[in-house]
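Undergrad: Quick one, structure for this:
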Amino acid sequence: MRHAGKQLRRSSIHDVASRAGVSPATVSKVLQGVTTVKAENVQRVHDAVEALDYRLDPFAADLRRSRRRIIGAIVPELESEFFGSMVTALERLAEKRGYALVAATSRESEKREAELIERMHDWRVAGVVLAPVRSEKGSGTALLKRYGMTGVLVDRVMTDDTLDTVSVDNASASAEVARQLVEAGHAHVLLLGLSDESIAIHTRIDSFRKAASQLDPTMKVDVLLAGGDVTALRAALATYFGEHKPTAIYSLFLKGTLVALTEFRRRGWHCPNDISLVGFDDAEWMQVTYPSIAAVVQPIDKMAEQAVDMLFRRIDGLEEPAKAHLEPCKVVMRESVGRMRQHRIEGEETMADPRHHQR
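TA: All right, here's what the predicted structure looks like:
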């Protein structure tokens, strides 16, 4: 039996304009975040939108530019706190400007990254925020250019003179980690990662080595990479510890921090008494676990804000040379890093009691 009730009609922009006592053009400006509209009219429009439960149709195209009020976001994955928080921030910022966000994951696949760019081109999105795959060899950037799409690259940023980029200052962050570990008396540090194909990882390694050699030429710095596979990294780290015992590990990515902690537990080691640990990237669990884990904290919200600002300037027609924006990181030393005290008995070095080194 067919439902005999009256079907509710979706409110239109003209309904909002009529209720607010302004023109449809004014409603459009308010919903797009244009700041030149009088405050009293802005409030009227917002009140009318709420009363009528009006929602923008993101799939309705901008007839002037044949585009929709949709922003695309392509990231490698959503499991990590970094990319999950990044997408959440991008969505919030896009909605403030009256746009919807469509997010998808490349799953670290160069082929899928290209497919997603093509899909978003077909959807006529207004612009794309792209975090390239780890290898940085995907064709996503080239496709953005080929299709004439508006785009901004974030996080894993390639050298590019045609697209705006937003990333963190990996060099300064890693140099600061080196400085603090040297200051704490560490003489042997292992850098742990998957692959140095990424410019970001390569920069972290080079900057740490350079800073360490300048601050303490006697510091031994090892690098352990596993070619892009976390399972292989676990095996490689177990083998490494069978032959070496550094005083500290600097993990170059979040999952590497978990790999290190898992191996510590398997061996019965405790931070910082047996070994110290610093991870690049932070997560809530790292702050509440015991001991709390030292971390390089990336300013995710600021990165998202910068990316969205750059993207919308381009959407609005800005034509100027592409810009590369770097956001500074904060290095937070927590309980997982101890100060070394020299014990010449049997040539070993051990950690001081962590209660005496907290900052």
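Undergrad: going forward, measure contacts and count neighbours with C-alpha atoms only.
TA: Noted.
Undergrad: need the helices for the protein, in chain order.
TA: For the chain, applying DSSP state H gives helices covering 13-20, 24-31, 39-52, 81-96, 110-122, 140-146, 170-183, 199-215, 230-241, 254-267, 284-288, 300-315.
Undergrad: Let me know which of those helices is tucked in deepest.
TA: A comparison of those by mean neighbour count, using mean count of other Cα atoms under 10 Å, puts helix 170-183 on top with a mean of 22.
Undergrad: okay, the angle between it and helix 199-215?
TA: Per axes from the mean of the first three to the mean of the last three Cα atoms, to 10 degrees, the angle that helix 170-183 makes with helix 199-215 is 40 degrees.
Undergrad: got a list of what Gln298 touches?
TA: Val168, Asp281, Asp282, Pro328, Cys329, Lys330 (Cα atoms under 8 Å, 6 or more residues apart in numbering).
Undergrad: Turn the helices of the chain into a markdown table, columns for distance to Asp164 and mean pLDDT.
TA: Below are the helices of the chain laid out as a markdown table (distance: least, Cα to Cα, whole Å; pLDDT from 0 to 100):
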| stretch | distance to Asp164 | mean pLDDT |
| --- | --- | --- |
| helix 13-20 | 34 | 90 |
| helix 24-31 | 26 | 84 |
| helix 39-52 | 32 | 90 |
| helix 81-96 | 16 | 96 |
| helix 110-122 | 17 | 94 |
| helix 140-146 | 11 | 90 |
| helix 170-183 | 18 | 98 |
| helix 199-215 | 16 | 96 |
| helix 230-241 | 31 | 95 |
| helix 254-267 | 26 | 97 |
| helix 284-288 | 30 | 95 |
| helix 300-315 | 7 | 97 |
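Undergrad: Output those helices in JSON lines, with distance to Ile71 appended to each entry.
TA: Putting the helices of the chain into JSON lines (distance: least, Cα to Cα, whole Å) gives the following:
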{"stretch": "helix 13-20", "distance to Ile71": "21"}
{"stretch": "helix 24-31", "distance to Ile71": "15"}
{"stretch": "helix 39-52", "distance to Ile71": "22"}
{"stretch": "helix 81-96", "distance to Ile71": "7"}
{"stretch": "helix 110-122", "distance to Ile71": "9"}
{"stretch": "helix 140-146", "distance to Ile71": "14"}
{"stretch": "helix 170-183", "distance to Ile71": "27"}
{"stretch": "helix 199-215", "distance to Ile71": "25"}
{"stretch": "helix 230-241", "distance to Ile71": "32"}
{"stretch": "helix 254-267", "distance to Ile71": "27"}
{"stretch": "helix 284-288", "distance to Ile71": "28"}
{"stretch": "helix 300-315", "distance to Ile71": "9"}
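Undergrad: and Leu130, which of these is closest to it?
TA: Nearest of the helices of the chain to Leu130, taken as Cα to Cα: helix 140-146 at 8.0 Å.
Undergrad: re earlier: now, which of the contacts of Gln298 lie within strands?
TA: Among the contacts of Gln298, the members falling in strands (DSSP state E) are Val168, Lys330.
Undergrad: The helices of the chain: which one's closest to Leu277?
TA: Closest approach to Leu277 among these (Cα to Cα): helix 254-267, 7.9 Å.
Undergrad: elements contacting that closest one?
TA: In terms of contacts (3 or more Cα pairs under 8 Å, 6 or more residues apart in numbering; DSSP states H and E), helix 254-267 is packed against helix 230-241, strand 248-251, strand 276-280.
Undergrad: want to throw the ones you listed into CSV with distance to Val296?
TA: Listed next are the helices and strands packed on helix 254-267 as CSV, based on distance: least, Cα to Cα, whole Å:
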stretch, distance to Val296
helix 230-241, 20
strand 248-251, 10
strand 276-280, 5
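Undergrad: wait, which of those is closest to Gly21?
TA: strand 276-280 (53.3 Å).
Undergrad: ok, so what distance separates the nearest residue to Gly21 once chain neighbours are set aside from Val230?
TA: Excluding the flanking residues, the one nearest Gly21 by Cα to Cα, 6 or more residues apart in numbering is Arg44, at 7.9 Å. From Arg44 across to Val230, the span is 54 Å (Cα to Cα, to the nearest Å).
Undergrad: And Met120, by the same measure?
TA: 30 Å.
Undergrad: Return the member of the contacts of Gln298 nearest to Asp15.
TA: Val168 (45.2 Å).
Undergrad: residues in contact with that closest one?
TA: Per Cα under 8 Å, 6+ apart, neighbours of Val168: Asp155, Gln298, Pro299, Met303, Leu326, Glu327, Pro328, Cys329.
Undergrad: What's the PyMOL line that selects buried ones from the residues you listed?
TA: The PyMOL command for the buried members of these (criterion: 16 or more other Cα atoms under 10 Å) is given here:
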select buried, resi 155+298+299+303+327+328+329
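Undergrad: Could I get the contacts of Val168 in CSV, plus columns for distance to Thr203?
TA: What follows is the contacts of Val168, written out as CSV (distance: Cα to Cα, whole Å):
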residue, distance to Thr203
Asp155, 13
Gln298, 15
Pro299, 18
Met303, 19
Leu326, 13
Glu327, 15
Pro328, 14
Cys329, 14
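Undergrad: Based on its surroundings, how many neighbours for Arg10?
TA: 10 (other Cα atoms under 10 Å).
Undergrad: Lys111 versus that one, what's the distance?
TA: From Arg10 over to Lys111 the distance is 40 Å, taken as Cα to Cα.
Undergrad: same check, this time on Ala20
TA: Relative to Lys111, and taking Cα to Cα, Ala20 is found at 49 Å.
Undergrad: just Pro328 next, same as before
TA: 32 Å.
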